[in-house]
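Colleague: Predicted model follows, preceded by the sequence.
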Amino acid sequence: MIRRALRAAKRVLSPGVRRFSDVTVGDGIDEWTGCPPLKNQSSLYVHWPYCLRRCTYCNFNKYISQGNNDHLMTECLQRETETLLQLSQLSCITSVFFGGGTPSLAEPSTIAAVLETVSRHANLSETAEVTLEVNPTPAGKSKLEDYRRAGVNRFSIGVQSLQDNDLKFLGRDHSSHQALQTIEEARRLCPGRVSVDVMFGRPKQSLESWEKELLELLRVCDDHVSLYQLTLERGTRLFKQVLGGEVTVPPEDVTSEMYQRARGTLHRHGFLQYEVSNFARNKAVSHHNMNYWRGGQYIGVGPGAHGRFVPRKEGVLVREARTQTLEPDVWIREVQQRGHGTRRRIQLSHLGLLEEVLVMGMRLTEGINHERWELFSPRLSLCETFGASTEVQELLQSGQLILDDRGLRCSRDGLALLDSMLPALLVELERKVSQRPQGDHHADRTKNKTSNP
């Protein structure tokens, strides 16, 4: 059971996030976001798979383009978007996120075409959040205004570092000066809606240089910051370098302190933490990512994209986990032949859905409130699921975990240990679900069929 719990956690946890916590948790978050997602709405993720080069640390689904096939990619992204929207019968798309790869290599006309397709088949309001990941090169910066005209209203900029030597070592194709210029231009175009990604735990990085770098970034950044620890992924050039002794990365106690200091610095500059890796001020949270973490439906379009939605057109009334074909050329052929490139689809069991709600929801500082849990588990409450477990009780008594009238969440120190607590929570969830009479499972699934969030 423990092994199964670990697999469940790995399946739904975002890669590259480590265990850290410090500052006050949850202050002012509840008012930032609206009601839990309804059955007729979803977010949309669009994957652009191409990059100009592969970073030394990256194992994402990305490819070096061998030629200009933007027109073909655009047509296929439009067609797959249309097919999956029709399949889901969703009436409202609440947010769109263009990720990659390097989506800022796509032409603004591609972005406009996809958004136009969405608007033809679902309600995409003028206030819906539309995010584009941007590589802060001169070429990326030069297209920001055209992306804005195409319908993008939020930029997520992959700064990663303000140290040129580190950027070069990591295989990034921008300089720190170019990153700062890109941030400035993005803020001009989308004031209050620009996020920056920054990475810590890099080779040869010290606590002092990290603090100085973060302060420099805070002087120019907007209202959203994402912090990520550099992780060693198998198959990457960096992994091989570290394994071979060519490169060393800071030890865990140093990276932990880097994170703690960063959180304190961000807090002093008005940023509230709302998720393991994400901080915002002036309520500038990522609404698209909040939908993931709160267990909402989302459609994934493009090579290797993932989705979680109910394909109602096929008469299926339970949520499916879907994965699109990885290789762009193969995906293009499949979309041309049958309208979509779905390679894998799995109907989520009641337990599987609850596992995802638990693992994703516990990443939020607000955790999982009772009302949201009841949407997915109307006959088994949070208290009934976790309140009687000896192991969970130990976590509650230690102060790492909180279960009260608000719901289930990590304390500020517990959030740092989330990945070590999840197995106990997942084991208890599986035990409780498996103990229930079969009729209760059917009742839950029946309710989810009519109100599946």
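Modeller: Cool, the structure landed.

Colleague: where in the stretch 151-300 of the chain is pLDDT low?
Modeller: 169, 232-247 (pLDDT under 70).

Colleague: Now do the strands in it.
Modeller: 154-160, 194-200, 224-229, 272-275, 278-280, 298-301 (DSSP state E, counting those that start in this stretch).

Colleague: any chance of those strands in CSV, plus distance to residue 314 and mean neighbour count?
Modeller: Placement of C-beta: from N, CA and C, glycine included. Converted to CSV, these look like this (distance: least, CB to CB, whole Å; neighbours: other CB atoms under 10 Å):
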stretch, distance to residue 314, mean neighbour count
strand 154-160, 33, 25
strand 194-200, 36, 22
strand 224-229, 36, 22
strand 272-275, 33, 25
strand 278-280, 35, 24
strand 298-301, 14, 25
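
Colleague: Export the ones you listed as a markdown table, with columns for distance to residue 290.
Modeller: What follows is these, written out as a markdown table (distance: least, CB to CB, whole Å):
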| stretch | distance to residue 290 |
| --- | --- |
| strand 154-160 | 13 |
| strand 194-200 | 13 |
| strand 224-229 | 12 |
| strand 272-275 | 8 |
| strand 278-280 | 9 |
| strand 298-301 | 11 |
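
Colleague: Looking at those strands, which is nearest to residue 138?
Modeller: strand 154-160 (13.6 Å; CB to CB).

Colleague: Give me the contact list for that closest one.
Modeller: Residues outside strand 154-160 that contact it (CB atoms under 8 Å, 6 or more residues apart in numbering) are 129-136, 144, 147, 167, 170, 172, 179, 182-183, 186, 189-190, 193-199, 217, 226, 286.

Colleague: ok, now with 7 Å
Modeller: Contact partners of strand 154-160, identified using CB atoms under 7 Å, 6 or more residues apart in numbering, comprise 129-136, 144, 167, 170, 172, 179, 182-183, 186, 190, 193-199, 217.

Colleague: One more: stretch 77-96?
Modeller: 40-44, 46, 113-115, 117-118, 121-124, 128-130, 287-288, 291, 299, 301-302, 309-314, 335, 339-341.

Colleague: Spit out the contact partners of the closest residue to residue 279 other than its chain neighbours.
Modeller: Once flanking residues are discounted, residue 279 sits nearest to residue 271: 4.0 Å by CB to CB, 6 or more residues apart in numbering. Shown in contact with residue 271 (CB under 7 Å, 6+ apart): 225, 279-281.

Colleague: about what we covered before: now intersect the contacts of stretch 77-96 with the helices, please.
Modeller: Applying DSSP state H to the contacts of stretch 77-96, the entries found in helices are 113-115, 117-118, 121, 287-288, 291, 335.

Colleague: mind putting the residues you listed in TSV, distance to residue 381 and neighbour count included?
Modeller: Converted to TSV, those look like this (distance: CB to CB, whole Å; neighbours: other CB atoms under 10 Å):
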residue	distance to residue 381	neighbour count
113	46	18
114	41	27
115	40	23
117	41	20
118	37	24
121	37	18
287	27	18
288	29	23
291	23	22
335	43	26
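
Colleague: Go through those residues and name the one nearest residue 380.
Modeller: residue 291 (23.6 Å).

Colleague: do you know how far the nearest residue in space to that closest one that is not next to it in sequence is from residue 300?
Modeller: Leaving out its chain neighbours, the residue that sits closest to residue 291 by CB to CB, 6+ apart is residue 43, at 4.5 Å. Applying CB to CB, to the nearest Å, the value for residue 43 to residue 300 is 10 Å.

Colleague: ok, the spatially most central residue of the chain - contacts?
Modeller: The chain has residue 289 as the residue nearest its centroid, 5.2 Å off, counting by CA atoms, centre = their mean. Shown in contact with residue 289 (CB under 7 Å, 6+ apart): no residues.

Colleague: Against residue 154, how distant is it?
Modeller: Counting by CB to CB, the gap from residue 289 to residue 154 is 11 Å.

Colleague: Name the spans of the stretch 301-450 of the chain whose pLDDT lies under the cut-off.
Modeller: By pLDDT under 70, the low-scoring segments of the stretch 301-450 of the chain are 437-450.

Colleague: ranges for the strands of it?
Modeller: Under DSSP E, counting those that start in this stretch, the stretch 301-450 of the chain gives strands at 306-309, 320-324, 342-347, 368-369, 401-404, 407-410.

Colleague: Any idea how far the third one is from the middle of the chain?
Modeller: Just to be clear, that refers to strand 342-347. With CA atoms, centre = their mean, to the nearest Å as the basis, the distance from the averaged C-alpha position of strand 342-347 to the chain average is 20 Å.

Colleague: In a markdown table: the ones in helices among the contacts of stretch 77-96, plus distance to residue 254.
Modeller: Listed next are those as a markdown table, based on distance: CB to CB, whole Å:
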| residue | distance to residue 254 |
| --- | --- |
| 113 | 46 |
| 114 | 42 |
| 115 | 43 |
| 117 | 47 |
| 118 | 45 |
| 121 | 50 |
| 287 | 34 |
| 288 | 32 |
| 291 | 34 |
| 335 | 46 |
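
Colleague: now residue 131: how far from residue 398?
Modeller: As judged by CB to CB, residue 131 and residue 398 stand 37 Å apart.

Colleague: Between those two, point out the one with more neighbours.
Modeller: Counted by other CB atoms under 10 Å, residue 131 and residue 398 do not tie: residue 131 has more neighbours, with 24 against 13.

Colleague: Settle this for me: that one is touching residue 99, isn't it.
Modeller: No: applying CB atoms under 7 Å as the test, residue 131 and residue 99 come out as separate, 8.2 Å apart.

Colleague: Let me know the secondary structure of residue 148.
Modeller: Three-state call for residue 148 (DSSP: H, G, I helix; E, B strand; the rest coil): helix.
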